[in-house]
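[1] model the following, please.
(one chain, ligands or ions: 2)
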Amino acid sequence: MDGNGRWAKQRGLPRLAGHRAGTENLRRILRACVELGIKILTLYAFSTENWGRPEAEVRGLMRILEDVIDHELPELHKEGVQLRHLGDLSRISKKLQTKVLNAVEMTRNNHQLILNVAFNYGGRAEIIHAVQEIVRHGHPAEEIDEALVSKYLYTGSLPDPDLIVRTSGELRISNFLLWQAAYAEYYIAPVFWPDFDKEELCKALRLFCQRDRRFGLVK
Ligand code: IPE
Ligand code: MG
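    Ligands and ions are numbered 1, 2, ... in the order given. Have a look, this model is predicted:
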């Protein structure tokens with residue numbers, strides 16, 4: 001979800017207004033995903049690198065997560081959304097940790113759509129965490145294969161993503177799902193995240209359908 005800041009700047013608004021607009025957009029995109037039958041959606045909401053932003057912006061982004069949980073959770077639950085968290089919760093406030101864990105617990109039996117929220121997430125940090133867990137569980141070297149590493153990532157038993165969409169025209173991975181993206185298709189939308197609507201999503205999906213996925217094989 002990139003481009004909130006630039007969206008705001010274009011309108012002479014503070015960056016946080018862009019993040020608010022981006023959050024508004026979330027509802028639209030979520031609804032569209034449910035309608036389109038998408039089963040798993042992962043949102044990159046806050047990266048391990050985002051801590052380096054000005055303190056007020058970091059605080060604002062924390063507040064937005066809290067507001068989304070406070071105000072949107074009943075509706076999400078009603079729509080059958082299963083919330084999951086990807087990342088390290090330990091660095092966020094105890095109060096917010098509890099809210100996230102409660103939301104995950106409350107929605108765990110929903111099956112309309114799995115919504116992974118990557119918050120304080122980094123692809124490298126995730127791999128390091130997985131290696132630490134593998135060692136902690138005493139797996140011998142011979143046992144370590146792709147399936148085992150996948151199992152210890154934050155995404156656990158979920159399949160790898162088919163399509164990764166980045167908004168705002170940037171051609172970068174920015175530490176997102178590094179392991180899981182091995183054979184994902186990429187799509188870069190030219191618009192800022194707050195302007196990424198259902199039409200833009202459908203464009204991404206149509207182009208995805210035309211991709212010739214070979215997974216390193218020959219046809
Ligand atoms: C939102 O867009 C992504 C978050 C980290 C919440 P940005 O904040 O990266 O917006 P730009 O890239 O400065 O426009
Ligand atoms: Mg950005």
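
[2] stretch 119-132 vs ligand 1: in contact?
    No. If you take CB under 6 Å from any ligand atom as the test, stretch 119-132 misses ligand 1, and the best it gets is 9.7 Å. Every C-beta, even on glycine, is put in place using the N, C-alpha and C of the backbone.

[3] leaving out chain neighbours, which residue sits closest to the residue of the chain found nearest ligand 1?
    Per CB to the nearest ligand atom, G5 is where the chain lies closest to ligand 1, at 2.7 Å. Spatial nearest neighbour of G5, chain neighbours left out: R15 (4.5 Å); criterion: CB to CB, 6 or more residues apart in numbering.

[4] name the residues of the chain found near ligand 1, please.
    Close to ligand 1, as judged by CB under 6 Å from any ligand atom, the chain has residues 1-6, 19, 22, 50, 61, 193.

[5] and the helices in this protein?
    With DSSP state H as the criterion, the chain has helices at 4-10, 15-36, 55-78, 94-106, 123-136, 146-152, 198-210.

[6] beta partners for the most centrally placed residue in the chain?
    Closest residue to the average C-alpha location of the chain: L43 at 2.3 Å, with CA atoms, centre = their mean. Judged by DSSP bridges, the bridge partners of L43 are V117.

[7] was I right to think it contacts V117?
    Yes. Taking CB atoms under 8 Å as the contact criterion, L43 and V117 are neighbours in contact, 5.5 Å apart.

[8] that older thread, who wins for proximity to I173 among the helices of the chain?
    Nearest to I173 among these is helix 123-136 (7.7 Å), distances taken as CB to CB.

[9] contacts for the closest one?
    With CB atoms under 8 Å, 6 or more residues apart in numbering as the test, helix 123-136 has contacts from 48, 86-88, 144, 148-149, 152-154, 173, 175-179.
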